[in-house]
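Trainee: sharing a model prediction with you, sequence too.
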Amino acid sequence: MENLKSREILDKLISYLEIPEILVLHGARQVGKTSIMKLLISKLEEKKQITFYFDLENPDFLELFNGRFNEITGYINSRIPVGRAGEKVFVFIDEIQYLDNPTALLKQFYDHHKVKIKIIVSGSSSFAIKSKFKDSLVGRILDFEIKGLSFGEFLNFKNLNYVFDSNNDLINRELTNLFTEFITYGYYPQIVKAENIELKKVYLNGIIEKYIYKDIRDIANVRNVDKFNSMIRILAGQSGQLLNVNELSSTTGISRNTLEEYLFILENTFIIKLTKPYYRNFRNELSKMPKIYFEDTGLMSLLCRKNFSEKPDGHIFENSVYNFLSRITEKDEIKYWRTASKQEVDFIVNSKSLYAIEVKLRGTGKSNSGLKSFIAKYESAKPVIITLEKTGLIKNPNYKYLYPWEIHSLFI
């Protein structure tokens, strides 16, 4: 098996291999689902377990799994090594969204073979999977979203080992340079491993062309391709901003209903995420519009910037902080705050404690009136500044100042 770098989710998945529920790994193309499956296979084979791997992009395997169930089990049983009949088997099915009826298949495996056959499946599109998975699988599956590389995984892929020590200025300067590279080019493993900028650009363009401009466009049944592509680029340029659907409709010439359908599909195929406002006083605080973020900053950067390799701006940095937060909290726990008088805070996270988080790429020497207004209204809130440059900020002893790689310390 090829030399694969470990992923942070691996230990969690291993802990679920001995229970009967089917494991479903879903996520965007190229985020490493297949590599994670192969890592699991490697771990099982080290323990002399029997494993099978089926890639449903292979037409022969797709035909087999779309056929009669007894033919599938017959094929698996015929491949079990001599003298090991009756032992537990681990079956990995990659790209399950290609099946005509994955629900029926998985239900039969679980209901009739869960003791002897453990099923692990992957799928590239949440929307495509959800549209084929019926409620009859409730209680039979455990769902795991696979994201692009975390910053820790990025360092591991580069064979670097850092202790995130905020007291060491040299380490933090080195980490700042590495983090800048990380968010400039994004989190896809293939992009991180690419050795030069041009190759990174080629790979990212391939993902955009094959995944956004083809797969998602097909799912959405897009009739006007130019308008759809224009919409994607406009959205990339609006990362971290309020999303005004009426204004976007006017700009792109796409009807509001169609736009809302596109946004739903983009969110369920791991391209964008929409965050809602945080409020207690509906009249004074609520902005009905969501804020938009992209799941991958490299993809976003290539879509909206003329010079792909230039250092990230504040919008990309804010987007990267959202990506950090989304890994360690629930999506619905991440909101933003904005008042009728336009006082605002980038992120409000209600997880264990209430955190008001403002993002500053560099120290500006300016205080933040939005953060002050929020903690004046919500005295229990803990104010946090996330930055790449702690020097130059006006320090408030009641605030916490963190580099992005220190965010996890808030939720320990």
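Mentor: Yep, it's here.

Trainee: only the buried residues of stretch 83-102, if you could.
Mentor: Val89, Phe90, Val91, Phe92, Ile93, Asp94, Glu95, Ile96, Gln97, Tyr98, Leu99, Pro102 (16 or more other C-beta atoms under 10 Å). In this view, the C-beta of every residue, glycine as well, is placed from N, C-alpha and C.

Trainee: list just the nearest of the residues you listed to Thr269.
Mentor: Gln97 (10.8 Å; C-beta to C-beta).

Trainee: Ser126 is in contact with that closest one, correct?
Mentor: No - counting by C-beta atoms under 8 Å, Gln97 stays clear of Ser126, with 9.3 Å between them.

Trainee: related to what we said a few turns ago, closest to Tyr355 among the buried residues of stretch 83-102?
Mentor: Nearest to Tyr355 among the buried residues of stretch 83-102, counting by C-beta to C-beta, is Gln97 at 36.3 Å.

Trainee: got the contact list for the residue nearest to Lys132 when sequence neighbours are not counted?
Mentor: Computed as C-beta to C-beta, 6 or more residues apart in numbering, the closest residue to Lys132 that is not its neighbour in sequence is Pro102, at 5.4 Å. With contact taken as C-beta atoms under 8 Å, 6 or more residues apart in numbering, Pro102 is in contact with Ile96, Val121, Ile129, Lys132, Phe133.

Trainee: check Pro102 and give its pLDDT.
Mentor: You'll see Pro102 listed with a pLDDT of 93.

Trainee: adjust the sequence numbering to begin at 249 for everything that follows.
Mentor: Understood, numbering begins at 249; the last thing we discussed is Pro350.

Trainee: where does pLDDT dip in this protein?
Mentor: For the chain, the stretches with pLDDT under 70 are 249-250, 414, 529-535, 554, 611-615, 640-641.

Trainee: for whichever strand or helix holds Gly618, buried residues please.
Mentor: Assigned by DSSP states H and E, Gly618 belongs to helix 617-625. Using 16+ other C-beta under 10 Å as the test for burial, helix 617-625 gives Gly618, Leu619, Ser621, Phe622, Ile623, Lys625.

Trainee: as a quick check, tell me the outermost residue of this structure.
Mentor: Here the centre of the chain is the reference, and by C-alpha atoms, centre = their mean the most remote residue is Gly331, at 42.9 Å.

Trainee: need phi/psi at that one.
Mentor: The phi/psi pair for Gly331 (degrees, to the nearest 10) reads phi 80, psi 0.

Trainee: distance of it from Lys448?
Mentor: Gly331 is 49 Å from Lys448, where distance means C-beta to C-beta, to the nearest Å.

Trainee: next: Gly280.
Mentor: Using C-beta to C-beta, Gly280 is found at 16 Å from Lys448.

Trainee: circling back to that earlier point, distance between the helix holding Gly618 and the chain's centre?
Mentor: When distances are taken as C-alpha atoms, centre = their mean, to the nearest Å, helix 617-625 is centred 30 Å away from the chain's centroid.

Trainee: may I have that helix as PDB, with CA atoms only?
Mentor: Output of helix 617-625 as PDB, limited to C-alpha atoms (Å, rounded to 0.1, in the frame of the first residue of the first chain):
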ATOM      1  CA  SER A 617     -16.100  49.100  19.200                       C
ATOM      2  CA  GLY A 618     -18.200  46.100  18.100                       C
ATOM      3  CA  LEU A 619     -16.600  43.800  20.600                       C
ATOM      4  CA  LYS A 620     -17.000  46.400  23.400                       C
ATOM      5  CA  SER A 621     -20.700  46.800  22.500                       C
ATOM      6  CA  PHE A 622     -21.300  43.100  22.600                       C
ATOM      7  CA  ILE A 623     -19.700  42.400  26.000                       C
ATOM      8  CA  ALA A 624     -21.500  45.400  27.400                       C
ATOM      9  CA  LYS A 625     -24.800  43.700  26.400                       C
END
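
Trainee: which elements pack onto it?
Mentor: Contact here means 3 or more C-beta pairs under 8 Å, 6 or more residues apart in numbering; DSSP states H and E; on that basis helix 617-625 packs against strand 592-599, strand 601-608, strand 630-635.

Trainee: and those: which comes nearest Leu408?
Mentor: strand 630-635 (21.8 Å).

Trainee: check which residues of that closest one are buried.
Mentor: Those buried within strand 630-635 under the rule 16+ other C-beta under 10 Å are Lys630, Pro631, Val632, Ile633, Ile634, Thr635.

Trainee: show me what it is packed up against.
Mentor: Strand 630-635 packs on strand 601-608, helix 617-625, strand 648-650, going by 3+ C-beta pairs under 8 Å, 6+ apart.

Trainee: gap between the helix or strand hosting Arg481 and the chain center?
Mentor: For Arg481, the enclosing helix or strand under DSSP H and E is helix 473-485. Offset of helix 473-485 from its chain centre (C-alpha atoms, centre = their mean): 21 Å.

Trainee: elements contacting that helix?
Mentor: Applying 3+ C-beta pairs under 8 Å, 6+ apart, we find helix 473-485 packed against helix 493-500, helix 504-516, strand 539-542, helix 545-552.

Trainee: residues contacting Lys291?
Mentor: For Lys291, the contact set (C-beta under 8 Å, 6+ apart) comprises Leu258, Ile262.

Trainee: so it: helix, strand or coil?
Mentor: helix (DSSP: H, G, I helix; E, B strand; the rest coil).

Trainee: quickly list what Pro631 is bridged to.
Mentor: Applying DSSP bridges to Pro631 yields these beta-bridge partners: Ala604.

Trainee: is it true that Leu602 touches Ser628?
Mentor: Yes - with contact defined as C-beta under 8 Å, Leu602 reaches Ser628; the gap is 5.6 Å.

Trainee: these two - which one has more neighbours?
Mentor: The neighbour comparison of Leu602 against Ser628 (other C-beta atoms under 10 Å) goes to Leu602, with 16 against 7.

Trainee: separation between the closest residue to Asp342 other than its chain neighbours and Gly275?
Mentor: The shortest distance from Asp342 to any non-neighbouring residue, by C-beta to C-beta, 6+ apart, is to Asp303 (4.6 Å). Distance from Asp303 to Gly275, counting by C-beta to C-beta: 16 Å.

Trainee: ok, these two, which is more surrounded?
Mentor: Gly275 (22 against 16).

Trainee: angles on the backbone of the more buried one, please.
Mentor: With angles defined as degrees, to the nearest 10, Gly275 sits at phi 170, psi 170.
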